[in-house]
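> sequence and predicted structure are below.
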Amino acid sequence: MPRTILLADDSPLARRMGTEYLAELGFEVTGVASSAEAWQALEALDAAGQFPELVLASAALPGELPGGSGIELARRIKAEPRWRATPVLILVGALATVDAFAPADGVLRKPLSPAGLEPWLVRSPQALLVRACRAAARQAFL
């Protein structure tokens, strides 16, 4: 299975740069422009038996979810048992003030860089274990 990251950012430039950077690191990137598209992408990945190892969501993400922001998307992901263990990072601009972004797992400044991402990408063996457990659980119920 491919190692997938969900990148939710309303800026086409930020999505393109993030997608290219993450692809160079060996990840398959699902890029979306709104919170509603992000939720649909999560559902589609789940239906395909996959899950993202990491979700990166812009703090200012627009969308049809209540609140619509990346923070609201993080809140919904963490409330969903299927994805609760998936790390969610909020993306903020280089000059943005970093306030509390609970329930997200962390905050990264744009543009993406190895220094900010590396601690989260190192955790991917945990994600592999979670993926294996989920796959085994699905097989048990078939």
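Cool, got the structure.
> leaving out chain neighbours, which residue sits closest to residue 58?
Distances taken as Cβ to Cβ, 6 or more residues apart in numbering put residue 9 closest to residue 58, at 4.3 Å, once the chain neighbours are dropped. In this view, the C-beta of every residue, glycine as well, is placed from N, C-alpha and C.
> burial count for residue 106?
12 (other Cβ atoms under 10 Å).
> so how far is the first residue of stretch 26-39 from its last?
Using Cα to Cα, to the nearest Å, one end of stretch 26-39 lies 23 Å from the other.
> circling back to that earlier point, angles on the backbone of the residue nearest to residue 58, please.
Dihedral angles of residue 9 (phi, psi; degrees, to the nearest 10) stand at phi -150, psi 130.
> neighbouring contacts of stretch 111-123?
Residues from elsewhere that reach stretch 111-123, judged by Cβ atoms under 8 Å, 6 or more residues apart in numbering: 14, 17-18, 21-22, 25, 54, 56, 87, 89, 91, 94, 105-106, 108-109.
> what subset of the residues you listed is buried?
Among the contacts of stretch 111-123, the ones that count as buried by 16 or more other Cβ atoms under 10 Å are 14, 17-18, 21-22, 54, 56, 87, 89, 91, 105, 108.
> in three-state terms, label residue 29 for me.
State at residue 29, reduced to three classes by DSSP: H, G, I helix; E, B strand; the rest coil: strand.
> tell me how far it lies from residue 23.
6 Å (Cβ to Cβ, to the nearest Å).
> one more: residue 121?
Noted for residue 121: a distance of 13 Å to residue 23, by Cβ to Cβ.
> higher neighbour count, those two?
Higher neighbour count among residue 121 and residue 23: residue 121, with 18 against 12, using other Cβ under 10 Å.
> any idea of the pLDDT on that one?
As predicted, residue 121 sits at a pLDDT of 74.
> again, but for residue 100
Value for residue 100, per-residue pLDDT: 63.
> likewise residue 39?
At residue 39, pLDDT is 93.
> does it lie in a helix or a strand, and which?
helix 35-47 (DSSP states H and E).
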